[in-house]
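Novice: What would the 3D arrangement of this be:
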Amino acid sequence: MKLTPMMQQYYELKEQYPDSILFFRLGDFYEMFGDDAKVASKVLEIALTSREAGPQGRVPMCGVPHHAAESYLEKLVRSGYRVALCEQLEDPKQAKGVVKRDVVRVITPGTFIEGNLDAEENQFLVALGWETKSLGLASLDMSTGEFMTVSLPTWAGLVNELTRLRPAEILVTSDWKEKDALKSFASDLGTVVTEARDKQESLASASQNLLKHFEVVTLTPFGLTSSAEILAASLALEYVQDTQRGVLSHIRVIKSYKLDQYLQIDGHSRDNLELTKTIRDGKKAGSLLGILDYTATGMGARLLRSYLEKPLLDRKMIESRHDAVGALLEKTALRLDLRDLLGEIYDLERLLGRLVTGNGNARDLKALAGSLAKIPEIKGLFVQETTPLLAALAEDLDPLTDFTQLVAQAIVDEPAITLRDGNLIRDGYNSELDKLRQASSGGKNWIRDLEVAERERTGIKSLKVGFNRVFGYYIEVTNANAHLVPETYQRKQTLANAERYITPELKEQEVLVLGADERIKELEYELFIEIRRRVEDHVGSIQENAHILGSLDVFQSLATAAVKYHFVRPQMSEDVSLSIKQGRHPVVEALDGRFVPNDVFFDEDQQIILLTGPNMAGKSTYLRQVALLVIMAQMGSFIPAQEAKIGLVDRIFTRIGASDDLSTGQSTFMVECSETAELLLHATERSLIILDELGRGTSTFDGMAIAQAVIEHIHARVRARTLFSTHFHELTKLEYSLKRLVSYRVEVEEKDGDIYFLHRVSRGSTDRSYGINVARMAGMPHPVIKRSLSLLEKLETSGNGPKQLDLFKTLDYDTTQIESTVEIAATSELEKELLNLDLNNVTPLEALQILALWQQKASKEVGSHDAD
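Specialist: Residues are numbered from 1 along each chain as shown. This is a model prediction of the structure:
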């Protein structure tokens, strides 16, 4: 037995796309067969059936309705599968033999542009190109047309960019030697890696591909001069050209950026600072983005995230953003009116992406035009605006009046979702369509009148004229009235309690009506496609409008947050100062409603702040607060403080918290050391370093030694602004030898054996950890607390506790080593006795006896040292 023609067609197409699930269009359904059906039925949780296929007998089969395909496609793609979408290329009614079908596009995790994307995040497809000493990364968002490249000199740089971009799919060539390491990292990131080519193409071929697409003779205006970036960009473009099979006119520019244009924040620091999501549950609520985001559009939400993830290093650009935020903060009516109008604007970038790739429907077109129609009102808000950035943005808005009027005149107010079932085009737009509608309406009126006329003529009061898609129009008469049926009626269908008939006149009208209806649907579809193609004429203007509206949205969002949380404008400078008075943690204050403000100050003479204080006192919050305020200032936001002057920061490094990295088999201490090594290697004097409890992942002596060495290295060589919190209170004595280090403490009040955290940071140091007090507050059982106090008292009075490592003796560094540590003797048993001596309760004779005893002990200690 041969394969059925349809199944033969299916297998021929499937052979071309072996790595994809083939969505095979059959009428109103997309069907899947064989192994595809088994996989899809499980992932989509739909019934698995079977179908006769020929010699193979029955094959597994499942299907989904074509009108609901988006949600099913998304589920498969989110699960990491590729889907080849096969459509019918002709009307089955007019087909001679098997209906022509072909794959119109392949949907992958990085090319999915259907309507359920998160409006607040980009959907990046990333491609990598490589040279001997350089790596190029291209990121392309198919849904918006955003296309960028960057050169990455190190693997760490690649990891940081991928962590920031969170791409849906990464493209590599099979001959790239690092692909296996990338796949391991991508798995942790939740990203699919696709080997899009066996070998990397030549630079000449890659350049030609880009030149042809962008219709230019040189890539220099795009800033695209790196060979690795060109190779990466071509790989991404080639991939979407192969998979999408359609117009890509919304990908009209490519921008090359440099890492040193922005404040660099590594992946660990992004997570530690909870910039866009919390560590606890990975959600936006509770992050810095969560309290800054008052955007009203998808473009604005994505741009705000970009501002936060890529703060600026150009002081003039930062101050220009501050000017815009300040103007909208002061002009309440302008800000509120702008926000209201932006709330009526749809996501122009993604609407445009769907329409130009042939995936948008009439509602998308209507939403696009309706949004553009709001532009004149928005421009009107800024007629008298003098703030340079706001005025320039408003001036560049283009309402595209001719296009919006065309859509308004052509498309009905509430068009159908599908494109081939009519209800798209207005009356009066096309004369041929109007005539067809009149013919259809006239025929339907004749048929409607026929029912009344036939009831009177035959005397059958229950006679009905109806329609179904199988038999067309008919006259229905119940069996009880069968004797009244005229001889001119021709029996068409028998029902349980009635008969259905036709007449020559009814059949004639049916042909007219149905013919007109079919042609109406065809013509409406043709007219819609013609109008949709007109969008391509305005791609550049629409994208520019989208960017401007997104920028205005970001500024009103930051101004709204500034008003709500009482933020102030920071003063920016290009020196290494950093002065914040009465600064507040933006997220903690927003969520808790109250916060104790604190100052921080750095300049050329005060470079390192060594912070001590008990657990739970607020050290980590203070450290994070400083980093967050710097990021906010350089992204263009106002900040929660009384006043601030911020010298531009080029990189932020944070070493906060500690946990095992199970995915790489690294211990807490290894993670701690790796992150610290990274910052020591790459920090500059313009950087900001945040180190929280460095050294706690190992033994006390090792930890203290490493902590001191790191502080000395930062002080002598890196010279970066540094906040270093520690539980090693002995380190505070470094203040006497490291001239740019100062000690601060988080204040605690002790009363009746209890401690109260004041959350105030002040000059000085803490000499107690209050660990048992904190344990009591945490709810440890009373017997444990009591026993702890007893043991602590014995250790402190007996001197039998572990002796302090003599870290602070002068070390003999040669000229290649960093400056010596401070000469401080470790606290000995003799010193402890001296410190514990109550002079008010000692007689002169007792004092002489104690002094003689100490002299003997001191002689023994000196002798033992000499022996060593």
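Novice: Where does pLDDT dip in the stretch 51-200 of the chain?
Specialist: Judged against pLDDT under 70, the low-scoring parts of the stretch 51-200 of the chain cover residues 54-56, 115.
Novice: need the strands for it, in chain order.
Specialist: In order along the chain, the stretch 51-200 of the chain carries the following strands (DSSP state E, counting those that start in this stretch): 58-65, 83-88, 101-107, 124-130, 135-141, 146-152, 169-173, 192-197.
Novice: Off-centre distance for the third one?
Specialist: If you compare the mean C-alpha spot of strand 101-107 with that of the full chain, they lie 29 Å apart, counting by CA atoms, centre = their mean, to the nearest Å.
Novice: out of the strands of the stretch 51-200 of the chain, nearest to residue 388?
Specialist: The closest approach between residue 388 and any of those, judged by CB to CB, belongs to strand 146-152 at 25.4 Å. Placement of C-beta: from N, CA and C, glycine included.
Novice: mind listing what's buried in that closest one?
Specialist: 146, 147, 148, 149, 150, 151, 152 (16 or more other CB atoms under 10 Å).
Novice: cool, and stretch 483-501?
Specialist: Buried residues in stretch 483-501, counting neighbours by 16+ other CB under 10 Å, are found at 485, 489, 492, 498, 499, 500, 501.
Novice: what's the answer for stretch 233-245, then?
Specialist: Neighbour counts using 16+ other CB under 10 Å place 233, 234, 235, 236, 237, 238, 239, 240, 243, 244, 245 of stretch 233-245 among the buried residues.
Novice: Any chance you could list what contacts that stretch?
Specialist: Outside of stretch 233-245, the residues that reach it under the criterion CB atoms under 8 Å, 6 or more residues apart in numbering are 103-108, 110-111, 125-129, 136, 138-140, 142, 147, 149, 171, 173, 194, 196-197, 200-201, 205-207, 209-210, 213, 224, 248, 251, 254, 357.
Novice: Quick one: buried ones out of these?
Specialist: Buried residues within those, counting neighbours by 16+ other CB under 10 Å: 103-108, 110-111, 125-129, 136, 138-140, 142, 147, 149, 171, 173, 194, 196-197, 200-201, 206-207, 209-210, 213, 224, 248, 251, 254, 357.
Novice: Give me the most central residue, the protein.
Specialist: Central residue of the chain (CA atoms, centre = their mean): residue 121, 4.2 Å from the mean position.
Novice: Can you give me the distance of it to residue 148?
Specialist: Applying CB to CB, to the nearest Å, the value for residue 121 to residue 148 is 15 Å.
Novice: Kindly report the same for residue 234.
Specialist: Between residue 234 and residue 148 the distance is 14 Å, computed by CB to CB.
Novice: And residue 353, by the same measure?
Specialist: As defined by CB to CB, residue 353 lies at a distance of 16 Å from residue 148.
Novice: returning to what we had before: does the residue nearest to the centre of the chain touch residue 303 like I think?
Specialist: No. In this structure residue 121 lies outside contact range of residue 303 using CB atoms under 8 Å: 11.5 Å.
Novice: Show me what counts as buried in the longest helix seen in the chain.
Specialist: Among the segments of the chain that qualify as a helix by DSSP state H, the longest is helix 504-534. Residues of helix 504-534 classed as buried: 506, 509-510, 512-514, 516-517, 520-521, 523-525, 527-528, 531-532 (neighbour count, 16+ other CB under 10 Å).
Novice: Stretch 317-326 now?
Specialist: Counting neighbours by 16+ other CB under 10 Å, stretch 317-326 gives 318, 319, 320, 321, 322, 323, 324, 325, 326 as buried.
Novice: Helix, strand or coil: sort out the first one for me.
Specialist: It stands for residue 318. helix (DSSP: H, G, I helix; E, B strand; the rest coil).
Novice: which residues does it contact?
Specialist: Contacts here follow CB under 8 Å, 6+ apart; on that basis residue 318 touches 312, 572, 633, 634, 636.
Novice: repeat that for 6 Å
Specialist: Residue 318 makes contact with 312, 572, 634, 636 under the criterion CB atoms under 6 Å, 6 or more residues apart in numbering.
Novice: Most neighbours among those, please name it.
Specialist: Per-residue neighbour counts (other CB atoms under 10 Å) across the contacts of residue 318 peak at residue 634, which has 27 neighbours.
Novice: wait, isn't it in contact with residue 263?
Specialist: Yes. Taking CB atoms under 6 Å as the definition, residue 634 is a contact partner of residue 263 at 5.2 Å.
Novice: For these two, list the residues in contact with both.
Specialist: residue 311.
Novice: Now the helix or strand containing residue 12: buried residues?
Specialist: Secondary structure assigned from DSSP states H and E places residue 12 in helix 5-16. The neighbour-count check on helix 5-16 (16+ other CB under 10 Å) flags 6, 7, 9, 10, 11, 13, 14 as buried.
Novice: mind listing what the first one touches?
Specialist: Okay, so that is residue 6. residue 98.
Novice: Tell me the spacing between the spatially closest residue to residue 263 that is not a sequence neighbour and residue 377.
Specialist: Spatial nearest neighbour of residue 263, chain neighbours left out: residue 311 (4.0 Å); criterion: CB to CB, 6 or more residues apart in numbering. Residue 311 is 32 Å from residue 377, where distance means CB to CB.
Novice: again with residue 13
Specialist: From residue 13 over to residue 377 (counting by CB to CB), the distance is 50 Å.
Novice: same question, residue 847
Specialist: The spacing between residue 847 and residue 377, counted by CB to CB, is 90 Å.
Novice: same thing with residue 39?
Specialist: 50 Å.
Novice: what about these two, which has more around it?
Specialist: Relative neighbour count places residue 39 above the other of residue 39 and residue 377, with 17 against 14, counting by other CB under 10 Å.
Novice: ok, and the closest non-adjacent residue to that one?
Specialist: If the residues on either side of it in the chain are set aside, residue 39 comes closest to residue 21, at 6.5 Å by CB to CB, 6+ apart.
Novice: doesn't residue 35 make contact with the one you found?
Specialist: No. Contact between residue 21 and residue 35 fails when scored by CB under 6 Å: they sit 9.0 Å apart.
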